[in-house]
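Asks: sequence below, structure please.
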Amino acid sequence: MRAIHTFLFLLFSSTLFSQTIMLSAERLFDGMEMHSNYAVLVNGNRITEVGPTKNLQGKADSIINLGNSTLMPGMIEGHSHVLLYPYDQTDWNDQVLKESRSLRAIRGAKMAEKNLMAGFTTIRDLGSEGAAYADVAIKQSIELGINPGPRMLVAGRAIVASGSYGPSGYNPDMDVILGAQPADGADLIRVTREQIGYGADVIKVYADYRWGPNKTAMPTFSVDELKTIVETAKSSGRDVVAHASTAEGMRRAILAGVRSIEHGSDATDEVLELMKEHDVALCPTLAATYAITTYRGWDDKTQPEPEAILKSREFFKKVLKSDVKVVAGGDVGVFAHGENARELVLMSEYGMENNDVLKAATSGNAEVFRLSDLGQLKEGFLADIIAVNGNPLTEIKDLFNVGFVMKDGVVYKSENK
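Replies: Model (predicted):
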């Protein structure tokens, strides 16, 4: 971050004197396609023009040339948990039961910053996992300028069917902190409204979970119960997303009207067709499966891919063939914050064209999340702009090499010399 103070001064000056700054690089991905020798003009916190560098130079008061890099919209993380960190460091149960909400909130704010510095200027954070509304507080602290971080769409506590979520297996006479808020039947209206009142931007529901015999995944709520949640959230202008891995859990959630399915690993062709019919997107969280498999003993450098990874590959190929909308989101928190691009690399390795991966992480996620002025480098859009060293269209792993981050017209990271 050698030149960050210079850039911050430039951005401060641009706000103070309404100057126009030009960002240029060898390549520019506008959220839809790649261009060579393009630039973007920024005034305040908005993009004013995008086009060939030679056409824009004369319109800029200041020029920042980022050289052999690729300008892109700030990436959008589709499934994160800033209040979690890798389970090989601390087990999920211990994070939920043994760490105070205050500690988790402080750590979560730092994890949010790691997302931003990795080039993800917006994140959809899907559940506080036992930390009540600490995610709402972290979002507010970012908006107030107390600490740096991405825009956050938060789900608060999330909703589970009574008896279906953990931590479990403890003395039934003890009250233990649960990872989400239980509710059933008519009480779902009250709980949904309560979560909205406490600051949830999106409602997350667990449409199935590992509560069947031998901890097999089984559906939780009925279609009517899920519809109650969706209709209540919809009346406030909010979407519902559903954790679901089983075909039946997915089917019920789709028929109820959720916006996206999270995970979906056992999707059948019939369920995927139903998703297309109802315009429901799928967030496959490939990186979470990959990380958990390594935590269970798989050495991905020396050992062949185990069944779980082979199944994940085949599942994603089926999704691509179905043409269902794909949300780019890795369930980051299960693996390390700041390494969000793991999901994008796996999407590429498992068969998605790199241009489509880039679209999913920018304009695609923006469309699914109803973010009308984000996800593209386009006149009138918010100035969320990053620069990736190299060309992710030809080498997707270059997405790990983010050298420049601007959010809302303010530079938070610059490695430009």
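
Asks: for the chain, which segments count as helices?
Replies: Remark: helices assigned in the chain by DSSP state H are 4-17, 53-56, 92-98, 101-117, 134-143, 187-197, 223-234, 247-256, 269-278, 286-295, 307-322, 341-349, 354-359, 365-368.

Asks: what's the least confident stretch among those helices?
Replies: Least confidently modelled of the helices of the chain is helix 4-17, at a mean of 45 by mean pLDDT.

Asks: closest one to I203 among the helices of the chain?
Replies: Distance to I203, taken as Cβ to Cβ, is lowest for helix 223-234 among the helices of the chain, at 4.5 Å. (C-beta placed from N, C-alpha, C; glycine too.)

Asks: which ones are touching the nearest residue to A137 once chain neighbours are set aside?
Replies: Spatially, and ignoring its direct neighbours in sequence, A137 is nearest to A105 (5.9 Å; Cβ to Cβ, 6 or more residues apart in numbering). Contact partners of A105, counting by Cβ atoms under 8 Å, 6 or more residues apart in numbering, are L83, A131, A134, A137, I138.

Asks: so what's the second one up against?
Replies: Taking Cβ under 8 Å, 6+ apart as the criterion, A131 is in contact with L83, R101, R104, A105, G108.

Asks: 7 Å instead, please
Replies: A131 is in contact with L83, R101, R104, A105, counting by Cβ atoms under 7 Å, 6 or more residues apart in numbering.

Asks: how close does the last one get to V136?
Replies: This points to A105. As judged by Cβ to Cβ, to the nearest Å, A105 and V136 stand 10 Å apart.

Asks: surely Y412 meets P148?
Replies: Yes. Between Y412 and P148 there is a contact under Cβ atoms under 7 Å: 5.5 Å.

Asks: quick one: pLDDT of Y170?
Replies: At Y170, the model reports a pLDDT of 86.

Asks: which phi and psi does the closest residue in space to it that isn't next to it in sequence have?
Replies: Once flanking residues are discounted, Y170 sits nearest to V176: 5.2 Å by Cβ to Cβ, 6+ apart. With angles defined as degrees, to the nearest 10, V176 sits at phi -110, psi 150.

Asks: okay, now V176: neighbour count?
Replies: By other Cβ atoms under 10 Å, 15 other residues sit near V176.

Asks: tell me who's in contact with it.
Replies: Taking Cβ under 7 Å, 6+ apart, we find V176 in contact with L97, P167, Y170.

Asks: do the same with V191
Replies: Counting by Cβ under 7 Å, 6+ apart, V191 makes contact with I159, Q181, A183.

Asks: now do the residue nearest to it when sequence neighbours are not counted against H243, distance only.
Replies: The spatially closest residue to V191, leaving aside those adjacent along the chain, is A183, at 3.9 Å (Cβ to Cβ, 6+ apart). The gap separating A183 from H243 is 15 Å, by Cβ to Cβ.

Asks: neighbour count: the two, which is higher?
Replies: Neighbours were counted for A183 and for H243 using other Cβ under 10 Å; H243 has more, 27 against 23.
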